[in-house]
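Asks: quick one: sequence and predicted model below, then my questions.
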Amino acid sequence: MSFADFPLDVVLELTKELDLPDAFHLAAVIIGRDFQTCSLCAEVLRSPYFWISALTRIEQINRRPLPCVPGTELASLPLETLREMAVHSGKLHRRWSSDLPRPASVHAFDLDNDVVGGRVLDLFPIEGTVMVVTVSLNRIVCWDTDSGECLGFCDRAIDPTIEPWRNSVSSPFVYSGMCYIGFASCSDTQLKFTMVQVDHRNLSMVDVSEIVAKAWIPPTGRIVSCVMVNSNTIAAIMTHDDGSSSLVFCRISDGLLRQFPLPVSTPPAVLSDALTVDDNFLVIEQSCAASGPVFNVSSTPSGELHAQKLILPMSEPANEQQASSISSHNIRVPAYGVLNVTLRGTPHGAEGLANHLQFWPAEYQNSTLNLGSIVAFQHPVHRFIGCIAVGSSGTRVVWWRSNAEELGLVLYVCDPTPRVEFLPLPVPVELQEMPDGSRLRCALDDRLGVVYFMACGEDRTRVVVISYV
């Protein structure tokens with residue numbers, strides 16, 4: 001009995017346990033001919049089950065994000081789209097596994113000054129799409145990065161009396177054709193939550209709108225960071241004048257506000273901006289020691305909040321490495337099995353900064369976060385890294401040192417042995433031609449394999465799009 005005589009359902013069950021290249025290779029070896037010329041294999045390729053199994057394995061076993069919008073139901077996609085996603089994922093993996101990954105395309109465009117609404121503060125990709133969102137003090141704008149055109153915008157209802165440092169913006173929460181960005185602002189009299197939602201389900205009519213939640217009069221303090229937990233909840237870390245800290249979150253639908261005191265000794269630096277479906281929060285405490293606590297805050301069945309304290313053993317002893325800052329965009333809850341923290345510190349007896357990436361295999365069990373052994377990477381040059389962008393998977397990080405025109409990609413690889421690889425990336429001419437004196441922002445969509453750079457100059461704002469597929 002040859003392989004070609006096996007029933008289709010048996011073949012599908014065999015191939016679903018294999019990576020896509022191995023499935024093709026297995027068929028070729030057993031049949032002794034090309035996978036594409038066998039009638040059974042052709043039937044396999046026409047089966048959505050085969051491609052859904054391959055994509056599921058890429059995401060769940062290989063720990064690589066799929067090239068689609070988060071929340072996409074694979075079973076609802078046409079066969080051709082499933083094939084294209086598998087091919088895209090394979091190309092990106094091969095390119096980012098090479099010694100010197102070269103981009104497939106690079107282009108740049110200037111944002112329309114009449115549209116951006118003043119000085120642009122940040123840029124966020126809408127994962128799995130060719131769209132980005134720019135945030136200025138007065139306006140949120142959605143852009144098509146292929147054409148450089150504005151797809152939609154909304155003006156923010158801001159309080160001009162609140163200083164900019166008392167405002168905080170979250171990274172987007174993207175799910176099923178919707179993008180949600182949370183804002184928290186704190187004055188001496190009130191804490192205000194707002195949410196901007198970008199409906200991009202219909203690309204010919206992208207809708208950008210703002211929803212203002214209930215204001216609450218808190219003790220005096222300031223916002224450290226905020227996060228869009230899901231499509232209905234914004235959370236924020238507050239530090240108060242008495243030195244205490246609290247986690248505050250607001251439910252948009254009914255304006256419900258809750259406050260949870262955090263058992264920290266110093267003001268916490270980070271509120272995670274990638275949360276699990278169970279609404280777990282990760283808060284990392286700002287610390288001068290190399291070993292800093294992380295608080296995993298989770299909801300109990302009764303609705304109460306519980307804080308689990310974890311001590312993260314860093315890669316360097318405390319007397320050799322001091323953390324000077326931890327960016328709110330550089331910590332990831334393990335949706336893909338990885339907890340990622342970036343440290344910028346000053347080593348004793350050395351000039352400049354040491355830049356560390358720390359990775360821990362991690363998983364949730366009944367709202368408890370369990371960490372594996374650390375895998376660390378230190379940038380080989382003790383100098384300031386101008387831009388750092390972490391993909392949503394937490395396994396891919398882009399580093400950019402503008403004064404040295406150095407671009408690199410750090411990859412966390414979990415199989416077969418957890419390790420970290422550093423890949424130098426060629427610096428495109430478009431990136432070298434950024435406006436002089438610009439403030440740089442960097443963003444990474446590791447679903448599609450696209451790196452975005454935004455330079456905000458005095459008279460123009462330029463976006464460079466580097467695609468690796």
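Replies: That came in fine, so what should we check first? Predicted model, so just to flag it, every value in this text is computed and none were measured.
Asks: which residues of the stretch 101-250 of the chain fall in helices?
Replies: 113-116 (DSSP state H, counting those that start in this stretch).
Asks: low pLDDT regions in it?
Replies: 159-165, 214-220 (pLDDT under 70).
Asks: can you rerun that using 90?
Replies: 101-102, 112-114, 116-122, 136-138, 156-177, 182-194, 201-205, 210-250 (pLDDT under 90).
Asks: same deal with the stretch 351-469 of the chain?
Replies: Looking at the stretch 351-469 of the chain by pLDDT under 90, you get 351-442, 455-462.
Asks: do that again at 70, thanks
Replies: 351-356, 364, 366-367, 379-386, 402-405, 415, 435-438.
Asks: ok, and the closest non-adjacent residue to residue 422?
Replies: residue 410 (5.5 Å; CB to CB, 6 or more residues apart in numbering). (C-beta placed from N, C-alpha, C; glycine too.)
Asks: distance check, that neighbour against residue 446.
Replies: According to CB to CB, to the nearest Å, residue 410 and residue 446 sit 11 Å apart.
Asks: max-length helix in the protein?
Replies: In the chain, taking DSSP state H as the definition, the longest helix is helix 79-96.
Asks: what about that one, average pLDDT?
Replies: Throughout helix 79-96, pLDDT has a mean value of 91.
Asks: what's that helix in contact with?
Replies: 20-21, 46, 48, 51-52, 54-55, 58, 62, 64, 66-68, 74, 77, 101-102, 104, 396, 409, 411, 423, 448-449, 468-469 (CB atoms under 8 Å, 6 or more residues apart in numbering).
Asks: so which of the residues you listed are in helices?
Replies: 20, 21, 48, 51, 52, 54, 55, 58.
Asks: quick check: the farthest pair among those residues?
Replies: 21 and 48 (19.6 Å; CB to CB).
Asks: so the two - more neighbours on which side?
Replies: Neighbour totals were compared for residue 21 and residue 48, and residue 48 leads with 15 against 11 (other CB atoms under 10 Å).
Asks: show me the contacts for that one.
Replies: 75, 79, 82.
Asks: contacting residues for residue 177?
Replies: Here residue 177 is in contact with 69, 199, 200, 201 (CB under 8 Å, 6+ apart).
Asks: most neighbours of all those residues, which one?
Replies: Neighbour max across the contacts of residue 177 (other CB under 10 Å) = residue 200, 21 neighbours.
Asks: OK, contacts around it?
Replies: With CB under 8 Å, 6+ apart, residue 200 has these contacts: 126, 129, 131, 142, 151, 177, 178, 179, 206.
Asks: cool, and residue 122?
Replies: Counted by CB under 8 Å, 6+ apart, residue 122 has contacts 134, 135, 169, 441.
Asks: how close does the second one get to residue 51?
Replies: Residue 135 sits 37 Å away from residue 51, taking CB to CB as the criterion.
Asks: out of the two, which sits in the busier spot?
Replies: residue 51 (23 against 20).
Asks: what pLDDT is listed against the more buried one?
Replies: On the pLDDT scale, residue 51 gets 87.
Asks: from residue 131, how far off is the closest residue to it other than its chain neighbours?
Replies: Once flanking residues are discounted, residue 51 sits nearest to residue 82: 3.8 Å by CB to CB, 6+ apart. According to CB to CB, residue 82 stands 22 Å off from residue 131.
Asks: closest to residue 361 out of the contacts of residue 200?
Replies: Distances from residue 361 to the contacts of residue 200, taken by CB to CB, are shortest for residue 126, at 28.5 Å.
Asks: the closest residue to that closest one other than its chain neighbours and residue 417, how far apart?
Replies: What sits nearest to residue 126 in space, not counting adjacent residues and going by CB to CB, 6+ apart, is residue 179, at 4.9 Å. Using CB to CB, one gets 36 Å for the distance from residue 179 to residue 417.
Asks: more neighbours, the two?
Replies: residue 179 (27 against 7).
Asks: my read: that one touches residue 133, true?
Replies: Yes. Counting by CB atoms under 8 Å, residue 133 is a contact partner of residue 179 at 6.7 Å.
Asks: any shared contact partners between the two?
Replies: In contact with both residue 179 and residue 133: 126, 172, 198, using CB under 8 Å, 6+ apart.
Asks: residue 167 - how many residues pack around it?
Replies: 20.
Asks: for stretch 110-126, buried residues please.
Replies: By 16 or more other CB atoms under 10 Å, the buried positions in stretch 110-126 come out as 111, 116, 117, 120, 122, 123, 124, 125, 126.
Asks: ends of it, how far apart?
Replies: In stretch 110-126, first residue to last residue: 19 Å (CA to CA, to the nearest Å).
Asks: swap in stretch 225-238?
Replies: Using CA to CA, first and last residues of stretch 225-238 are 8 Å apart.
Asks: ok, now stretch 441-449?
Replies: 17 Å.
Asks: same check on stretch 204-223?
Replies: 37 Å.
Asks: doesn't residue 396 make contact with residue 444?
Replies: Yes. Using CB under 8 Å, residue 444 is in contact with residue 396, at 6.6 Å.
Asks: got any residues that touch both of those two?
Replies: Between them, residue 444 and residue 396 share the contacting residues residue 390, judged by CB under 8 Å, 6+ apart.
Asks: may I ask which two of the contacts of residue 177 are separated the most?
Replies: Maximum distance among the contacts of residue 177 (CB to CB): 12.3 Å, for 69 and 199.
Asks: tell me what the residue lying closest to residue 256 once chain neighbours are set aside is bridged to.
Replies: Closest residue to residue 256 in three dimensions, ignoring its sequence neighbours and counting by CB to CB, 6+ apart: residue 250, at 7.0 Å. Following DSSP bridges, residue 250 is listed with bridge partners residue 234, residue 257.
Asks: and residue 250, how many neighbours?
Replies: Residue 250: 27 neighbours (other CB under 10 Å).
Asks: what does residue 204 give?
Replies: Neighbour number of residue 204 under other CB under 10 Å is 5.
Asks: swap in residue 359?
Replies: Residue 359 has 27 nearby residues by other CB under 10 Å.
Asks: same question for residue 259.
Replies: Residue 259 has 14 neighbours, counted by other CB under 10 Å.
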